[in-house]
Every structure is written in C-alpha cells, then in structure tokens.
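[1] Generate coordinates for the sequence data below:
(one chain, ligands or ions: 1)
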Amino acid sequence: MRLFSSVGPNPLVVRMFIAEKGLTVPVETVDIIKGENRQPAYLGRNPAGGLPCLALGDGSYLSEITAICEYLEERHPAPPLIGTTPEERATTRMWTRRVDLLICEPMINAFRFGEGLAIFKDRIPTIPEAAPGLKRAAQQRLSWLDGLMGGKSFLCGNRFTLADIMLYSFLSTFEPMGQPLNRDNRNVAGWFDRIAGRASAKA
Ligand SMILES: N[C@@H](CCC(=O)N[C@@H](CS)C(=O)NCC(=O)O)C(=O)O
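    Numbering: from 1, shown residues only. Next comes the predicted model:
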C-alpha cells in the first residue's frame, strides 16, 4: 500500500487512522496548493482530484476517507476503530456521518469559499457569500454536540473511533484558519484536548 497525502483535514483523517492501527504505510505528498492533484497523473488515480488516495498495490486506488478507513479496518481489525459488532459499527457510522455532514462539510466549504477562495475559485464551483453562514452552521452544530457530550469520553461513549478522528482532524485544521474552537463548549473542548494528546494527532 502507498498513501497519497497532502495538507488538509481529509488526509489527516487517514494518517491518524493508520497511526492508531499501528500500521506503516509509505506516504507520497502531493502539492495541492500548486494544483498537482488536478493534473492528469493524479486524476488517473482519483478522478475526483481530492486527497488522500490509497494505492492498493494491485494497480487499483481507493479514495474518499470513510471508504479508505473502512477498507483498512477490514484488513486490519485490531485495534477496532469502527467496531467489532453490528451495533458498534452502526453507531460509529452514525456519528461519523453526523459529524461529517453537520460539522466537517460546512467547515471545509466555508474555507473553500472564504480563506481558501484564491486556491479553489478556478477548480470547483464556489459560493463566496455562503462562507459566513456555513461557519455559523458548523458552530451551531458544535454547540448542539456539546450538549450531547456530557459524561462521554468519545463520540461513541467509551470507544475511540473514526468519528472522533474525523471531527478532530477538521476542528484542528481549521482552528487557526478562521474557525476557532469555541471553548464555551466545555465538553467538546475537553474532548478536543484529550484527542490532541494522542500520539496519532501528530500524524
Ligand atoms: N470527499 C473527499 C474530499 C477530499 C478533499 O477535498 N481533499 C482536499 C484536502 S483536505 C483536497 O484535495 N483539496 C484540494 C483540491 O480539491 O484541489 C474525501 O473524503 O477524501
């Protein structure tokens, strides 16, 4: 296997997942600021153009972070980061999808349409006027999440999972780029600091 990686929250999700699994996967860095990922060589691996992308070694490539992490979990079940029972796996997928749709996607689109507009305006459809509203929507959902996190160590209770990795990767990436963590959300802030203390957070 070989991981095509870059700056940004999506590749960080997969690098953290790999680190938590204790796997060693060679990494090739692609320069997304210069648009190397929008050139034919990379589009041949992932026609959607996004990073990361996992080369499986048989000539095939996987992209989309949840698909890559599901694949790695099936190939390397221990330690479980999605789950060992149908109930655990479904609960992880529920929280992963919630944080993805309600928080991570608004955050990253706010960046693409705001601070990152110069990079993205000629690559994807952008809606600059939506950036402030998307930031507000993500913050409102974080406050909603805060109300559900009391007494919980992780999004799935006492299990550290892909859902935590995903939310942490996005919050930590955008914290210094126009979307700071609101520390009034004490449960989320405590959770964030716990995840930041894991060795994988530096992956
Ligand atoms: N839905 C994709 C998103 C991939 C994505 O947007 N990656 C960003 C890096 S965080 C990227 O490649 N941005 C540069 C570009 O789109 O040109 C996934 O799950 O991997």
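[2] contacting residues for L167?
    L167 makes contact with 99, 103-104, 155 under the criterion CB atoms under 8 Å, 6 or more residues apart in numbering. Every C-beta, even on glycine, is put in place using the N, C-alpha and C of the backbone.
[3] Show me which residues of the chain sit near the ligand.
    6, 8-11, 32, 37-38, 49-51, 63-65, 123 (CB under 6 Å from any ligand atom).
[4] try 8 Å this time
    Residues of the chain lying close to the ligand by CB under 8 Å from any ligand atom are 6-13, 32, 35, 37-38, 48-53, 63-68, 108, 112, 119-120, 123-124, 173.
[5] What's the ChimeraX line that selects buried ones from those?
    Listed next is the ChimeraX selection for buried residues among these, using 16 or more other CB atoms under 10 Å:
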select :6,8,9,10,11,12,13,32,37,49,50,51,52,53,63,65,66,68,108,112,119,173
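[6] Got phi/psi on P47?
    Main-chain dihedrals, P47, degrees, to the nearest 10: phi -60, psi -20.
[7] nope, D122 is what I was after
    With angles defined as degrees, to the nearest 10, D122 sits at phi -100, psi 10.
[8] how near is P47 to the ligand?
    According to CB to the nearest ligand atom, to the nearest Å, P47 stands 12 Å off from the ligand.
[9] where are the low-confidence patches of this structure?
    For the chain, applying pLDDT under 70 flags no range at all.
[10] Walk me through the domains of this structure.
    Segmentation of the chain into domains, based on automatic domain parsing, reads 2-75, 86-202.
[11] Could you give the backbone dihedrals for the most far-flung residue of the chain relative to its centre?
    Centroid-distance maximum for the chain: D58 at 25.8 Å, with CA atoms, centre = their mean. Here is the backbone geometry of D58 (degrees, to the nearest 10): phi -110, psi 20.
[12] Please name every helix or strand in contact with the helix ranked longest in the chain.
    Using DSSP state H, we find that the single longest helix of the chain is helix 131-148. Judged by 3 or more CB pairs under 8 Å, 6 or more residues apart in numbering; DSSP states H and E, helix 131-148 is in contact with helix 105-113, helix 186-196.
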